[in-house]
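**Q** For reference, the sequence and a predicted model appear below.
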Number of protein chains: 2
Amino acid sequence: VLDVLQVERAAERLKGISIRTPLLRNFELDEVAGGKVLIKPECLQVTGSFKIRGAYNHLSQLSESEAKNGVVAWSSGNHAQGVAAAGALLGIHTTIVMPEDAPRAKLANTRRLGGEVVTYDRYTGDREAIARGIAAERGAAIVPSYDHEHIIAGQGTTGLEIADDALAMGMELHQVLIPCGGGGLSSGSAIALTARIPGVDVYAVEPSEFDDTARSFVSGSRLPVDKNARSICDALQSTMPGELTFPVNQKLLKGVLTVTDDEVRSAIRFAFRNLKLVVEPGGAVALAAVLSGKLETAGKTTAIVLSGGNIDVELFAEIQTEPA
Amino acid sequence: VLDVLQVERAAERLKGISIRTPLLRNFELDEVAGGKVLIKPECLQVTGSFKIRGAYNHLSQLSESEAKNGVVAWSSGNHAQGVAAAGALLGIHTTIVMPEDAPRAKLANTRRLGGEVVTYDRYTGDREAIARGIAAERGAAIVPSYDHEHIIAGQGTTGLEIADDALAMGMELHQVLIPCGGGGLSSGSAIALTARIPGVDVYAVEPSEFDDTARSFVSGSRLPVDKNARSICDALQSTMPGELTFPVNQKLLKGVLTVTDDEVRSAIRFAFRNLKLVVEPGGAVALAAVLSGKLETAGKTTAIVLSGGNIDVELFAEIQTEPA
């Protein structure tokens, strides 16, 4: 059973590995929200996103024989860096299948961390088939990017820290907004948050074109995204809610919000100007939801996760210098 | 007497006003340093720099009659925003004399916070004379940007937090690097740090052309900067060490380091790529000193203050996209 105990055990394993990122406050953001906003900046996390949490929690539980054969993963870049870093820390060889148009920073960092990178075409290639081929050939284990209990529990330590820190600050937390691709971060965090703070409303936030969890949440069954979907949020382009993550999200989330690319760009500008944080598109969706009024924040205390900050400098400069 | 008690009292006054910024860690920075580096990101502070600490500590201690007549300050922008914000919180009218070429973000934010802005020419005007004229006319008090015990004690809460948080983390802190303009932040922080951690080495860091504290430290008496000095660090262009700050710095600092504009630009790029933090030039000098090896960091635990993040987007984009 996947419950808060597994998240707590993951938190134990992650001591000294992941950073306990702080809960930040910003006056301008409170002003826009008309309430209190607690910012969980996972862009400041090791490898620039929350993904080290799940990856390390999983890799550290592999058997010796599994570890010896190395692991294979596919990822647009944040899970890639998380897996590569966890592998480097544990002495496990890692191979990661990444889209050839992934942000250069993500490709370079994954390689720098010691990951073996295999690239494919995001729109025509089948990353899962490529990864499974490599894994079969080498007898290597697959590290799913979200659909595994160890991954979900690891990512959930993000929500656990939010809950514990908000309680320690004496804040009554009303709602939490969490970026959602495959749903690992939102499901794991929802488990921890609702266990620690009964009655808290947890929302997942998706790019409007990759709204598979939003539509699935409404319909009650897992629906895929449109094949022609495009989004600036390279980190949130999973095409279908997870088998394990979706039932958890369905049960524990209050709802699923969506934001447009323009709202995301505007949030990245806000983060630069006011928060002084570098946030990547997929990491900015929860902030975008607050800034564009996708839910009521007035008079409430809302926590948002900025899930990553791995953005290429050219895109960042382009977004910052375009007219608001 | 200016001692750690005054810094502790300032910390009490600042509760609920300034943010207790975290001590961050980053693997890439540790790797470059060959040791542990603790990052104090005052760019995440209210108004985007540490300056709210001293400004609020001072304004909150004005008598009722002083407060009624408002206050006047001069500043290139960070003290301006700190004074304006403190004034807004306390209901005190603030007038700030700022260079007309100050970063637009600093001018705009000071006005947005309710400060009355009077501009002058940085290279031909006399900001102090203008400010004293306005103050005399209105019977308003001057809020010095560094040379006042309340200001020094307020800025010193930065060092107090570093010491207390490092001790709470069980870290043995060997040295601390602090950006230095007029010397308020470094002197106040040195008071707190050396009181809490006897034997810790505290260094001030200056832009190489505005090395008045460095040269004064060596000569033993206060020396001015060259009239033709220029630096990308708009926040650190004070022309002479303070009457109050210098004796403290002289007594408590281990030394004063300097960094070039190129080293600062490189540090701003490093902060974007690895720390995911937006740091302004003057805020990046301590990081620049570590990255360019201005002192031994191997095997040591070094804390650095990133003192501000108020940089205009055009300059930020230019620095980020230039070749490393």
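**A** Here it is on my side, so go on.

**Q** and A:S208, how many neighbours?
**A** By other CB atoms under 10 Å in any protein chain shown, 18 other residues sit near A:S208. All C-beta spots, glycine's among them, are computed from the backbone N, C-alpha and C.

**Q** Looks like it contacts A:D262 (just checking).
**A** No: counting by CB atoms under 8 Å, A:S208 does not reach A:D262; the two are 9.9 Å apart.

**Q** Let me see the ranges of the strands in the stretch 151-300 of chain A.
**A** A:175-179, A:201-207, A:255-259 (DSSP state E, counting those that start in this stretch).

**Q** Is it possible to get TSV of these that adds mean neighbour count and distance to B:T119?
**A** What follows is the strands of the stretch 151-300 of chain A, written out as TSV (neighbours: other CB atoms under 10 Å in any protein chain shown; distance: least, CB to CB, whole Å):
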stretch	mean neighbour count	distance to B:T119
strand A:175-179	28	41
strand A:201-207	26	42
strand A:255-259	22	39
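
**Q** I'd like to know which of those strands lies nearest to B:A214.
**A** Closest approach to B:A214 among the strands of the stretch 151-300 of chain A is made by strand A:175-179 (45.7 Å; CB to CB).

**Q** can you tell me if that closest one touches chain B.
**A** No: in terms of CB under 8 Å from any CB of the partner chain, no part of strand A:175-179 sits within range of chain B; the closest distance is 15.3 Å.

**Q** and that strand, what does it pack onto?
**A** Packed against strand A:175-179 by the contact rule (3 or more CB pairs under 8 Å, 6 or more residues apart in numbering or on different chains; DSSP states H and E) you find helix A:149-168, helix A:184-196, strand A:201-207, helix A:285-291, strand A:301-306.

**Q** Report all helices and strands that the fourth one contacts.
**A** Other elements packing on helix A:285-291 under the criterion 3+ CB pairs under 8 Å, 6+ apart are helix A:27-33, strand A:175-179, strand A:201-207, strand A:255-259, helix A:261-270, strand A:301-306.

**Q** Please apply the same query to the shortest one.
**A** With contacts defined as 3+ CB pairs under 8 Å, 6+ apart, the secondary structure elements packing on strand A:301-306 are strand A:36-41, helix A:149-168, strand A:175-179, helix A:285-291.

**Q** for chain B, what are the nearby residues on the stretch 201-324 of chain A?
**A** Residues of the stretch 201-324 of chain A lying close to chain B by CB under 8 Å from any CB are A:272-273, A:275-279, A:309, A:313-314, A:316-317, A:320-321.

**Q** In helices, which of those fall?
**A** Counting by DSSP state H, those place A:V313, A:E314, A:F316, A:A317, A:Q320, A:T321 in helices.

**Q** Let me know how buried the second one is, in neighbour terms.
**A** So the one you mean is A:E314. A count of nearby residues for A:E314, using other CB under 10 Å, gives 13.

**Q** cool, and the fourth one?
**A** Burial of A:A317 is recorded as 19 neighbouring residues (other CB under 10 Å).

**Q** Any stretches of chain A with poor pLDDT?
**A** Counting by pLDDT under 70, chain A shows low-confidence ranges at A:324.

**Q** Wait, A:D211 touches A:V259, no?
**A** No: in this structure A:D211 lies outside contact range of A:V259 using CB under 8 Å: 9.9 Å.

**Q** buried subset of the residues of the stretch 201-324 of chain A next to chain B?
**A** Buried members of those, counted by 16 or more other CB atoms under 10 Å in any protein chain shown: A:F272, A:R273, A:L275, A:K276, A:L277, A:V278, A:V279, A:G309, A:V313, A:F316, A:A317, A:Q320.

**Q** nearest to B:T95, of those?
**A** A:R273 (24.8 Å).

**Q** Which helix or which strand is home to the residue in the stretch 101-250 of chain A positioned nearest to chain B?
**A** Taking CB to the nearest CB, chain B has its nearest neighbour within the stretch 101-250 of chain A at A:A105, 7.0 Å off. For A:A105, the enclosing helix or strand under DSSP states H and E is helix A:104-112.

**Q** helices or strands up against that helix?
**A** By 3+ CB pairs under 8 Å, 6+ apart, helix A:104-112 packs against helix A:78-90, strand A:94-99, strand A:116-120.

**Q** what do you get if the cut-off is 6 Å, keeping everything else the same?
**A** Packing partners of helix A:104-112 (3 or more CB pairs under 6 Å, 6 or more residues apart in numbering or on different chains; DSSP states H and E): helix A:78-90.

**Q** And the helix it packs on, what's buried?
**A** A:N78, A:H79, A:A80, A:Q81, A:G82, A:V83, A:A84, A:A85, A:A86, A:G87, A:L89.

**Q** cool, and stretch A:231-251?
**A** Buried residues in stretch A:231-251, defined by neighbour count with 16+ other CB under 10 Å: A:231-238, A:240-242, A:244-246, A:248-250.

**Q** Just want the angle from the helix holding A:A105 to strand A:116-120.
**A** Orientation of helix A:104-112 against strand A:116-120 (axes from the mean of the first three to the mean of the last three CA atoms, to 10 degrees) gives an angle of 140 degrees.

**Q** Can I get the helices and strands packed on strand A:175-179 in JSON lines including distance to A:V1?
**A** Shown next, in JSON lines, are the helices and strands packed on strand A:175-179 (distance: least, CB to CB, whole Å):
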{"stretch": "helix A:149-168", "distance to A:V1": "9"}
{"stretch": "helix A:184-196", "distance to A:V1": "10"}
{"stretch": "strand A:201-207", "distance to A:V1": "19"}
{"stretch": "helix A:285-291", "distance to A:V1": "28"}
{"stretch": "strand A:301-306", "distance to A:V1": "25"}
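
**Q** With respect to A:T47, which of those lies nearest?
**A** Of all the helices and strands packed on strand A:175-179, helix A:149-168 comes closest under CB to CB, at 13.0 Å.
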